[in-house]
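**Q** The sequence and its predicted three-dimensional model are supplied below.
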Amino acid sequence: MKDKLMIIDPHIHMTSRTTDDYEAMAAAGIVAIIEPSFWLGQPRTQVGSFQDYYSSLVGWEPFRASQFGIKHYCTIGLNSKEANNEALAEQVIELLPLYFHKENVVAIGEIGYDDQTPAEDKYFRMQLDLARELNMTVQVHTPHRDKKAGTIKSMEVCLEHGLDPSNVIIDHNNEETVKEVLDRGFIAAFTIYPKTKMGNERMVEVVRKYGSTNIIVDSSADWGVSDPLAVPKTASLMLNKGISREDVIKTCYQNALDAFGKNGKMKEEHWLGNKGIDQRELFNDNSVLRGQEPKIEGDKIV
Ligand SMILES: [Zn+2]
């Protein structure tokens, strides 16, 4: 019997997901996740809304994940969509450095282009400068419309701002963008959307064709139609379709750890040395339970 695979989902918006999702993810082998800061559907009108959101990504949500046995990290940035509210964007940019040094912040993200407007361009570039100054990894959201041109432009702007492409994860790739991204030395992440776009069948063929180096699979699951189990499902489909176990481990675990582990905050020992769930724990006097019996696994280390 082979050991169960450990999985990392390096792009998932758990703020919008349920405790059932956390339980299913842990059962499917997900040991660690990265939650990029992003747009919440409802545009924010106050800088305080961003502040509380970022605080939840470094406070409450890592606690909630821990209660289901998953290690939570995040990326902090001003998303492209809300960069178009310039008066607010100015204030948000001021706020970002307060969060970059928090213990679970592994990169600046997700930043980039949505409609490729001048304001998006301005705040993308500003955050790339911050990344270069602070030597931080960057997680780039590529636009869903005009995908190929937007992806190429994102990479060119990163290079223009002096970033090392191996420190930049270009996300939401497809078959049309992957070659350009890999050829330029960037890391190519793929979001597996259920029933559309990059389905997991197509992901198998991408790995068969391009191999596993610098390729990462994620779910980008959020408040829309999405699947928090997309990464483990893709991993098992890859194995069933004859992709080597080594390539599956790289694309669904190791490459994400290498790419986002560079600032030393994301470490394998965080989950290998996990003492197990203890749902008696509290965060600001609050628990995830509603009168249920707490789950306590005790010390897993033998
Ligand atoms: Zn996202």
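**A** Thanks, I have it. The structure displayed is predicted, hence computed values, not measured ones. Numbering: from 1, shown residues only.

**Q** Quick one: name whatever helix or strand follows whichever helix in the chain runs longest.
**A** Ranked by residue count and defined by DSSP state H, the top helix of the chain is helix 118-134. Following helix 118-134 in sequence order, the next helix or strand is strand 138-141 (DSSP states H and E).

**Q** what is the mean pLDDT for that following strand?
**A** The predicted model assigns strand 138-141 a mean pLDDT of 98.

**Q** So in that sheet, which strands flank that strand, and in what orientation?
**A** Strands that pair with strand 138-141, judged by DSSP bridges, come out as strand 105-112 (parallel), strand 168-171 (parallel).

**Q** and the shortest one, average pLDDT?
**A** For strand 168-171, the mean pLDDT works out to 98.

**Q** Just the CA trace of that strand, in PDB.
**A** Output of strand 168-171 as PDB, limited to C-alpha atoms (Å, rounded to 0.1, in the frame of the first residue of the first chain):
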ATOM      1  CA  VAL A 168       6.600  35.200  -9.400                       C
ATOM      2  CA  ILE A 169       3.700  32.700  -9.600                       C
ATOM      3  CA  ILE A 170       1.500  33.500 -12.700                       C
ATOM      4  CA  ASP A 171      -1.900  32.100 -11.900                       C
END
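
**Q** starting at the chain centroid, how far to that strand?
**A** Mean-position distance between strand 168-171 and its chain equals 10 Å (C-alpha atoms, centre = their mean, to the nearest Å).

**Q** Also stretch 28-38?
**A** 6 Å.

**Q** Run through who's touching the longest helix of the chain.
**A** 77-78, 80, 83-84, 86, 89, 93, 96-97, 100, 108, 111-114, 136-138, 154, 157-158, 161-163, 167 (C-beta atoms under 8 Å, 6 or more residues apart in numbering). Backbone N, C-alpha and C define where each C-beta goes, glycine included.
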